[in-house]
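Asker: quick one, fold the following:
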Amino acid sequence: MLLAVALIFCSAPALMAAPYIEEDACPQQAQQASAAAMTCGWFYPGETLAQAPVRLRFVVLRARPGHIDPTPVIHLPGGPGDSAGLGPEALARWRVWQQHAGWPHDIVLYDPRGTGQSRPRPACGDGAVIPRQLPDAPATDAPVTAESREAIQCRLRLGRATAEALGPRAQLRDLYGLMAALDIEQAHLWAISYGTRIARLFEQRHPQRVASLILDSMVPFTENETTALPMQLQGAVDELVRVCGERGCASTNPRRAVATLLARYDTTPPIITLGLRPSAQRRLTVTPYRLLVMVLLSTYEPGHVIDTVQRLERAVRGDPTALRPLAERLDAQANDPERSEAVFWSVRCALQPQLNDSVWQAAIARAPDVAPYVDAARRTAPCRHWPVPSLAPPDRHAKRSSRVLVVTGQADRATPPAWSDAYMARRASAVRADIPGAAHVPTLYDRCAQRVVAAFLRAPDIRLTPDCLSVRAAQSGR
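Answerer: Numbers count the residues shown, from 1 in each chain. This is a model prediction of the structure:
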């Protein structure tokens with residue numbers, strides 16, 4: 001659970017001191033995961049929040065021992081509100097990831113302010129934890145609507161100054177300050193999902209500090225998250241159909257299985273008990289909306305689709321407990337203590353494009369399988385109750401000199417490859433890699449995507465095509 005303390009801050013963040021770095025020991029568990037060198041520490045940007053100095057946890061994974069890379073890769077997490085994952089276990093996984101990825105630069109990881117190990121962590125308070133992927137819930141979906149109301153309560157608890165201090169402007173200041181404190185003149189910005197917006201904003205403000213952009217699973221500024229929702233959920237259902245058609249699975253008609261459960265759960269939603277230990281068990285009501293999000297999350301990782309279809313068929317036959325792993329994935333994401341709901345809303349609402357009713361109606365028309373269960377989402381827009389100063393997107397016509405690699409997963413339903421099309425059309429020098437068979441944020445787990453990035457970092461001016469891309473394309477038939 002997130003911190004169960006309701007914090008009320010009304011004063012603006014105060015300038016405290018010049019930014020500085022404070023190194024400390026890395027977790028022993030992470031050190032044992034790899035022999036590669038790394039540096040751990042805290043970055044103090046010189047601001048206070050909640051009457052405490054802001055400090056961001058950072059780690060530098062060294063590419064070579066005894067060598068400080070003058071042009072490292074800096075990772076920008078998604079979300080918004082996600083951390084980089086710098087706890088002992090997560091950092092150990094990063095160390096293993098580094099060895100597999102084989103990128104030729106140091107890699108700087110840091111938890112954005114208000115997330116993960118960074119401090120302080122202004123929280124929404126007990127009972128105000130909102131599932132990150134369920135921001136705009138249908139009014140007919142009572143449990144989720146209650147959570148949307150809690151988002152409004154959270155904003156009131158935080159106060160104006162704190163909400164603004166957790167937004168994108170602060171993230172841009174922190175990134176610039178971190179680079180300066182680490183004596184980094186230029187860096188390769190590797191951003192995933194929502195982090196691609198932060199990377200592009202930073203490039204607009206500080207183009208001379210960006211050696212290249214690596215944009216994985218891009219979220220364009222033109223996409224409103226509410227109007228994108230129907231097509232994301234519809235795309236997840238379509239992915240079940242596609243995989244079953246190509247590989248075969250337990251259902252001859254997964255679309256019908258989903259429709260059957262949606263209609264059934266609209267009137268009698270089942271309650272699933274989560275957790276193994278009685279003291280930690282939780283109960284989750286599987287409404288139609290939540291079922292659709294569970295299906296969407298199952299498409300985030302390759303190999304889960306066939307298992308998901310099998311579980312849906314068991315639920316159709318009267319066993320809703322078969323959906324427990326899907327529900328646990330949703331619950332784990334919603335209640336991940338490394339994430340911050342306050343940061344989620346402060347960043348999202350500052351960068352939210354205007355909600356256009358005609359665009360919403362067009363989106364609903366293209367999502368026939370899910371439309372009856374998300375139509376009311378148009379009337380539930382928490383950003384109307386989370387006032388923060390808006391931040392304009394980058395100038396679409398400005399000329400940029402940074403090299404760009406755009407990575408997409410061809411099976412990604414959360415940030416479809418088509419979302420990158422307009423950006424690629426404007427950025428003629430950008431290189432694009434569509435990874436066959438990969439889903440959301442493939443640079444985190446897909447060896448082929450990692451090899452593509454490694455090749456780009458070694459020779460950004462040459463359009464290299466690793467063999468894995470052609471092999472994957474032949475295997476997938478795409």
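
Asker: so Trp42 sits against Pro19, correct?
Answerer: No - judged on C-beta atoms under 8 Å, Trp42 makes no contact with Pro19 at a distance of 11.1 Å. (Glycine included, C-beta is placed from N, CA and C.)

Asker: which stretches in the chain count as strands?
Answerer: For the chain, the strands defined by DSSP state E cover 20-24, 38-44, 48-49, 52-53, 56-61, 73-76, 107-110, 187-192, 210-216, 271-274, 282-285, 403-409, 431-435.

Asker: can you lay out these as CSV showing mean pLDDT, distance to Leu156 and mean neighbour count?
Answerer: Output for these, formatted as CSV (pLDDT from 0 to 100; distance: least, C-beta to C-beta, whole Å; neighbours: other C-beta atoms under 10 Å):
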stretch, mean pLDDT, distance to Leu156, mean neighbour count
strand 20-24, 95, 34, 11
strand 38-44, 97, 29, 20
strand 48-49, 87, 18, 22
strand 52-53, 90, 21, 14
strand 56-61, 98, 26, 24
strand 73-76, 99, 29, 25
strand 107-110, 98, 30, 24
strand 187-192, 98, 31, 26
strand 210-216, 98, 35, 24
strand 271-274, 92, 29, 14
strand 282-285, 89, 26, 14
strand 403-409, 96, 38, 24
strand 431-435, 94, 43, 22
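
Asker: of those, which is nearest Leu158?
Answerer: Of all the strands of the chain, it is strand 48-49 that lies closest to Leu158, at 10.5 Å by C-beta to C-beta.

Asker: what lines up beside that closest one in the sheet?
Answerer: strand 52-53 (antiparallel) (DSSP bridges).

Asker: the partner strand: how far from the chain's middle?
Answerer: Its chain's average C-alpha position is 27 Å from that of strand 52-53, according to C-alpha atoms, centre = their mean, to the nearest Å.

Asker: relative to Leu391, how far out is the closest residue in space to Arg314 that isn't next to it in sequence?
Answerer: Leaving aside its sequence neighbours, Arg314 sits nearest to Ala322 (C-beta to C-beta, 6 or more residues apart in numbering; 3.6 Å). Relative to Leu391, Ala322 is positioned 44 Å away (criterion: C-beta to C-beta, to the nearest Å).

Asker: over to Val59?
Answerer: From Val59 to Leu391 the distance is 28 Å (C-beta to C-beta).

Asker: give me the neighbour count for the residue lying closest to Ala398 once chain neighbours are set aside.
Answerer: Here the nearest residue to Ala398 in space, its sequence neighbours aside, is Gln204; by C-beta to C-beta, 6+ apart that works out to 6.9 Å. For Gln204, the neighbour count with other C-beta atoms under 10 Å is 16.

Asker: okay, and for the protein, where does confidence drop off?
Answerer: Within the chain, the segments meeting pLDDT under 70 span 1-17, 125-148, 276-279, 376-381, 462-466, 471-478.

Asker: by contact count, what packs against the longest helix anywhere in it?
Answerer: Longest helix in the chain by number of residues (criterion: DSSP state H): helix 225-247. Under the contact definition 3 or more C-beta pairs under 8 Å, 6 or more residues apart in numbering; DSSP states H and E, helix 225-247 sits against helix 254-267, helix 288-298, helix 305-316, helix 357-365, helix 371-374.

Asker: okay then, goodbye and thanks.
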